[in-house]
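Student: coords below, sequence missing:
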């Protein structure tokens, strides 16, 4: 094939992924409901996987604190082979079910947690070991695979099957299956955080503005968007609010100081919309 033809082939295969994800809508939503329930109970979401699946779980978990200002323990990723496996292949690690069970035990998983196991091919012993241990401990469990359940079953409370079909490069699940995994995990944490009030309209109002200049600038722009203030006024308000976008929005809407704004937010479980009143959706 020419480079162009190879591109067209892979791109046409990738175009089928959103439709495959949509087919699993009901089970994905059930999984998200479990995650939201766990978060509200003070529990955790723990991804478990091997290879690409494990790396994507760790990636999604790692992105939650800067995006939603969550405690790093709230969403965690476990990968077969440990940290070394994030940057290089640790062959054989995925074949040890006992290691998966041990990883869950080491995290002291409880009935408040959700263990979300990822095995696109459906068979990874490390992942199945983690599921078994999680169930023993009373945790809710989710299993994600890209093969039909009758081909390879699981014992999870929710089984998500995104049937992506044969890969353009046979057996390379880092391709379509990996893309489907990324899409689903993004929805799980994003919608979960929305339900917790960490998003106002479509704005990441719990972003960690102290992390770097880019995120502080994003915070300023969010304050501008919601309040209609000038850039200078929005920046001054955000600094007065200790870098907390939600606090700044409430200070502006209710004409109160930082302490009062934080108390108001605490009284409404951190939901900006309920403190300042629902606005029309953004176009």
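Tutor: Ah, there it is. This is a predicted model, so every value here is computed, not measured. Residues are numbered from 1 along each chain as shown.

Student: so what's residue 210 up against?
Tutor: Taking Cβ atoms under 8 Å, 6 or more residues apart in numbering, we find residue 210 in contact with 216, 243. (Glycine included, C-beta is placed from N, CA and C.)

Student: I should have written residue 64 there, sorry.
Tutor: Counting by Cβ under 8 Å, 6+ apart, the residues that residue 64 touches are 70, 74, 75, 189, 193.

Student: the same query, at a cut-off of 6 Å, please.
Tutor: In this structure, residue 64 makes contact with 70, 75, 189, judged by Cβ atoms under 6 Å, 6 or more residues apart in numbering.

Student: quickly find the element holding the last one.
Tutor: It refers to residue 189. Counting by DSSP states H and E, the element that carries residue 189 is helix 176-195.

Student: before we move on, what about residue 100?
Tutor: For residue 100, the host element (DSSP H and E) is helix 97-106.

Student: return the list of helices and strands in contact with that helix.
Tutor: helix 125-136 (3 or more Cβ pairs under 6 Å, 6 or more residues apart in numbering; DSSP states H and E).

Student: number of residues surrounding the closest residue to residue 182 other than its chain neighbours?
Tutor: Among residues not flanking residue 182 along the chain, residue 56 sits closest, at 5.6 Å (Cβ to Cβ, 6 or more residues apart in numbering). The burial count assigned to residue 56 is 24, neighbours taken as other Cβ atoms under 10 Å.

Student: how close does residue 56 sit to residue 188?
Tutor: 11 Å (Cβ to Cβ, to the nearest Å).

Student: what do you get for residue 204?
Tutor: Applying Cβ to Cβ to residue 204 and residue 188 gives a distance of 16 Å.

Student: please say which of those two ends up with more neighbours.
Tutor: More neighbours surround residue 188 than the other of residue 204 and residue 188, with 26 against 21 (other Cβ under 10 Å).

Student: just the pLDDT for the more buried one.
Tutor: Residue 188 carries a pLDDT value of 98.

Student: report the contact partners of it.
Tutor: By Cβ under 6 Å, 6+ apart, the neighbours of residue 188 are 32, 35.

Student: now do the strands in this protein.
Tutor: With DSSP state E as the criterion, the chain has strands at 45-49, 75-79, 114-118, 140-145, 158-161.

Student: quick revisit: tell me what angle the helix holding residue 189 forms with strand 45-49.
Tutor: 170 degrees (axes from the mean of the first three to the mean of the last three Cα atoms, to 10 degrees).
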